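K.L.:
Give the three-dimensional model of this entry:
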Amino acid sequence: MPTISRDEVAHLARLARLAVTEEELDLFAGQLEVILTSVARVGEVAAADIPPTSHAVGLTDVFRADVPRPGLTQQQALSGAYATEDGRFRVPRILDES
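P.N.:
Okay, here's the model as predicted:
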């Protein structure tokens, strides 16, 4: 069964650059102990004949088929534009670059 000491909690806090009080060291040591014990129990249950999984249920592709469809012509796309120039949308300059 894993155990974690106050010194180890203080070391982890220093590595994470966390300021913890003496009371928090005791609190965190207890909480980390519960976490480590739970992880150890899961490791005991895992069997070699059970393949590892990343999801509890199988994933299916939820995207539609990528089928080409007709689009707008250049003239149709530009028909509602406020201003055009050389077959493109004309917009106000926002940068001083030429």
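
K.L.:
What residues sit buried inside the helix or strand bottoming out on mean pLDDT in the chain?
P.N.:
When each helix and strand of the chain is scored by mean pLDDT, DSSP states H and E, helix 22-45 comes last, with a mean of 88. By neighbour count on 16 or more other Cβ atoms under 10 Å, the buried set for helix 22-45 is 25, 28, 29, 32, 33. (C-beta placed from N, C-alpha, C; glycine too.)

K.L.:
quick one: contacts of it?
P.N.:
By Cβ atoms under 8 Å, 6 or more residues apart in numbering, the surrounding residues in contact with helix 22-45 are 1, 2, 3, 4, 5, 6, 8, 9, 10, 13, 20.

K.L.:
please redo it, this time with the cut-off set to 6 Å
P.N.:
Contact with helix 22-45 is made by 2, 4, 6, 9, 10, as judged by Cβ atoms under 6 Å, 6 or more residues apart in numbering.

K.L.:
which one of these has the most neighbours?
P.N.:
Compared across those, residue 9 has the highest neighbour count, 22 neighbours, by other Cβ atoms under 10 Å.

K.L.:
Any buried residues in stretch 13-21, and which?
P.N.:
Applying 16+ other Cβ under 10 Å to stretch 13-21 flags residue 20 as buried.

K.L.:
And that stretch, end to end?
P.N.:
10 Å (Cα to Cα, to the nearest Å).

K.L.:
same deal with stretch 42-61?
P.N.:
Distance between the boundary residues of stretch 42-61 (Cα to Cα) amounts to 30 Å.

K.L.:
can you list the contacts of helix 22-45 in a markdown table and add secondary structure?
P.N.:
As requested, those are exported to a markdown table (DSSP: H, G, I helix; E, B strand; the rest coil):
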| residue | secondary structure |
| --- | --- |
| 2 | coil |
| 4 | coil |
| 6 | helix |
| 9 | helix |
| 10 | helix |
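
K.L.:
Export those residues as a markdown table, with columns for distance to residue 53 and pLDDT.
P.N.:
Conversion of the contacts of helix 22-45 to a markdown table gives the following (distance: Cβ to Cβ, whole Å; pLDDT from 0 to 100):
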| residue | distance to residue 53 | pLDDT |
| --- | --- | --- |
| 2 | 24 | 56 |
| 4 | 29 | 87 |
| 6 | 37 | 89 |
| 9 | 32 | 92 |
| 10 | 37 | 94 |
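
K.L.:
I appreciate the help and will end here.
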